[in-house]
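K.L.:
make a model of this:
(chains A and B)
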There are 2 protein chains.
Amino acid sequence: MFRLARRCIFNADLPLRNARVAVVGLGLMGGSLAMALTQWSLCQEVVGVARREETLREARGCEVAHRVTTDLVDGITGADVIVLATPVRTIIRQLHHLTAMPLGSCLLMDLGSTKTEIVAAMEELPAHVQPVGAHPMCGKETSGLAAAEPTLYEGAPWVLTPLPRTSPAALALARELAVAVGARPLVMHPDRHDRLVAAISHLPYSLAVALMLAVAEIGYEDELVWELAASGFRDSSRLAASDVTMMLDILITNPVAVGELLRRASVHLERLADLLATGDEDELHTLLVAAHDRRTPMFRHAERG
Amino acid sequence: MFRLARRCIFNADLPLRNARVAVVGLGLMGGSLAMALTQWSLCQEVVGVARREETLREARGCEVAHRVTTDLVDGITGADVIVLATPVRTIIRQLHHLTAMPLGSCLLMDLGSTKTEIVAAMEELPAHVQPVGAHPMCGKETSGLAAAEPTLYEGAPWVLTPLPRTSPAALALARELAVAVGARPLVMHPDRHDRLVAAISHLPYSLAVALMLAVAEIGYEDELVWELAASGFRDSSRLAASDVTMMLDILITNPVAVGELLRRASVHLERLADLLATGDEDELHTLLVAAHDRRTPMFRHAERG
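P.N.:
Numbers count the residues shown, from 1 in each chain, chains lettered A, B, ... in the order given. Alright, predicted model coming up:
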């Protein structure tokens, strides 16, 4: 009866303000979401779940949630909305774990950076759990609760990847949550998401890694290279400082799309090298102009002149 | 007699404060240098030389120099210090031009981003002209006088590449100028400079170009890719918006070192793709950690937490 009653919530369009939300994982993404929901009074109750006691102490000090716990079962019991905000492969493990738990009816979202494997794991959830994959497209290269801020999601695209089994009411609630924290929901297929983020997120990270590895080889011969690195190098290399656990999970769960983009970029680098070797200035100019003209109009509002 | 008298200045350690300085090219670099010299009263007189009348009008409006002109000969006549602050291949053309002109004794510097070809052209200058190659390691992706600011050079490494013929007094004056605008002079061989900047400047630019070209291919199939580009993509792609004329000159005058770095980076990308294809997580982890650990301690002071 209880399950049935809770299940009807989604047919009756449960508004976010009446929902109890459990956020599992209080890093940059989960911490920021929990903060926004709590501090802006967007829902009835926020419970934060973290693995480490240290994170809980930190969370208690900065109004991250109404209640925090290290006990996953305790944290999600009675939740109308569960948000998994851990690294991608931890999310997949948690989904397998949750599949075997006596969950009530609820909306189950994640904030993982790849979607295909997560959504496949969501297929196994019990029928009364409504799964929606999600990926807010924001972030910093610094991770952890200390970097979290309630405004993190403002203006960010927030991808939603519902499953065929996802009810319209569950998707509506997921949308409402994204909008409530200031993000712009965008619904798409998980495969499409993974292909697009391979291009605009996983490739840039990989290029920063390749840059650091190549410069380190030069630095091994001549340490002065590190002295000379100026602002352009700072921006280009920044993503290489991203959390390795998080990024390894991302690459490993999106191997085909990332692999294809890496090979494409490699071809472009080889092409530039060939044009330099042969002194084909016209073709080189054409490629540089193409890149310039494509990049220049982007981020006009966000960049200083 | 005049020439001899002027020539003795370098033996007598002409201090910058008594020098008349001509800055040829009033873009970001030249404009910023002229502004610092003028506004901070670092020398006796600053003459700015620009190609376009429009630039002169702009320069008159913002205290860039004591006097501005579009006439190169007029601008450099009587100068104790001439600074060529144009794109690399324009500098080389100007050096050939100056070689045939009746110059007085002077220090002749440039601010070009590659040094080997410029220094080779400097070899041809008359004996009473003291050449010193220079490259201040700063900049923005925005170019032009509008982006110039007198504080541009503060804290920046300022590479000096003297020639065997350069007198100690001329090098001392070049150093004094760099220090006066807040930069940190670093003397090195032009070949070493070009190899190091290929790694920390020309490779990052090329990676941003390759990124834009690869993402544009994806965008051709699915325009939504541009919607999703978040902050990480902004930083990684920023250098692709650099001035094409300037960057083409740089790449074309540093083809061997840049070509080698492009191939190195390409090898690293292919390696990452191979590891993803075979699922070699341990080796992938090792590479990501190597890049992370090398990048993390850099720029500690300049980056926000």
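K.L.:
show me how far the one helix or strand residue A:161 maps to is from its chain's centre.
P.N.:
For residue A:161, the host element (DSSP states H and E) is strand A:157-162. Offset of strand A:157-162 from its chain centre (Cα atoms, centre = their mean, to the nearest Å): 10 Å.
K.L.:
ok, residues contacting it?
P.N.:
Residues from elsewhere that reach strand A:157-162 (Cβ atoms under 8 Å, 6 or more residues apart in numbering or on different chains): A:115, A:119, A:131-137, A:170-171, A:174-175, A:178, A:183-190, A:193, B:227-228, B:230. C-beta here means a position set from N, CA and C on the backbone, and glycine is covered the same way.
K.L.:
tell me the confidence at residue A:234?
P.N.:
On pLDDT, residue A:234 comes in at 89.
K.L.:
then residue A:295?
P.N.:
Residue A:295 is given a pLDDT of 94.
K.L.:
again with residue A:303
P.N.:
pLDDT at residue A:303 comes out at 61.
K.L.:
repeat that for residue A:141.
P.N.:
pLDDT, residue A:141: 62.
K.L.:
related to what we said a few turns ago, heading C-terminal from the strand holding residue A:161, find the next helix or strand.
P.N.:
For strand A:157-162, the following helix or strand on the C-terminal side (DSSP H and E) is helix A:168-180.
K.L.:
and the angle for that following helix with strand A:157-162?
P.N.:
Helix A:168-180 runs at 170 degrees relative to strand A:157-162, counting by axes from the mean of the first three to the mean of the last three Cα atoms, to 10 degrees.
K.L.:
in helix A:168-180, which residues are buried?
P.N.:
Residues of helix A:168-180 classed as buried: A:169-171, A:173-178, A:180 (neighbour count, 16 or more other Cβ atoms under 10 Å in any protein chain shown).
K.L.:
strands of the stretch 51-200 of chain A, start to end?
P.N.:
A:67-69, A:81-84, A:106-110, A:129-136, A:157-162, A:184-187 (DSSP state E, counting those that start in this stretch).
K.L.:
so where is chain A shaky, pLDDT-wise?
P.N.:
Low-confidence segments of chain A (pLDDT under 70): A:1-13, A:141, A:301-305.
K.L.:
swap in 90 and give it another go.
P.N.:
Scanning chain A for pLDDT under 90 picks out the ranges A:1-14, A:61-62, A:100-104, A:138-144, A:227, A:229-232, A:234-235, A:297-305.
K.L.:
what's near enough to touch the spatially most central residue of chain A?
P.N.:
With distances taken as Cα atoms, centre = their mean, the residue of chain A nearest its centroid is residue A:113 (3.8 Å). Residue A:113 sits next to A:88, A:135, A:197, A:201, A:246, A:249-250 when contact means Cβ under 8 Å, 6+ apart.
K.L.:
just name the closest of these to chain B, please.
P.N.:
Within these, the smallest distance to chain B is 5.9 Å, found for residue A:201 (Cβ to the nearest Cβ).
K.L.:
how many residues are close by that closest one?
P.N.:
Residue crowding around residue A:201 was assessed by other Cβ atoms under 10 Å in any protein chain shown; the count is 27.
K.L.:
isn't there a helix covering it?
P.N.:
Yes: according to DSSP: H, G, I helix; E, B strand; the rest coil, residue A:201 belongs to a helix.
K.L.:
angle of the strand holding residue A:161 against strand A:129-136?
P.N.:
Inter-element angle recorded for strand A:157-162 and strand A:129-136: 150 degrees (by the same axes, to 10 degrees).
K.L.:
return strand A:157-162 as PDB; C-alpha atoms alone will do.
P.N.:
C-alpha atoms of strand A:157-162 as PDB (Å, rounded to 0.1, in the frame of the first residue of the first chain):
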ATOM      1  CA  PRO A 157      23.000  23.000 -19.700                       C
ATOM      2  CA  TRP A 158      21.700  20.000 -17.700                       C
ATOM      3  CA  VAL A 159      21.400  16.900 -19.800                       C
ATOM      4  CA  LEU A 160      18.600  14.500 -19.000                       C
ATOM      5  CA  THR A 161      18.600  10.900 -20.400                       C
ATOM      6  CA  PRO A 162      15.300   9.300 -19.500                       C
END
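K.L.:
that one pairs with which strands, and in what direction?
P.N.:
Sheet partners assigned to strand A:157-162 using DSSP bridges are listed as strand A:129-136 (antiparallel), strand A:184-187 (parallel).
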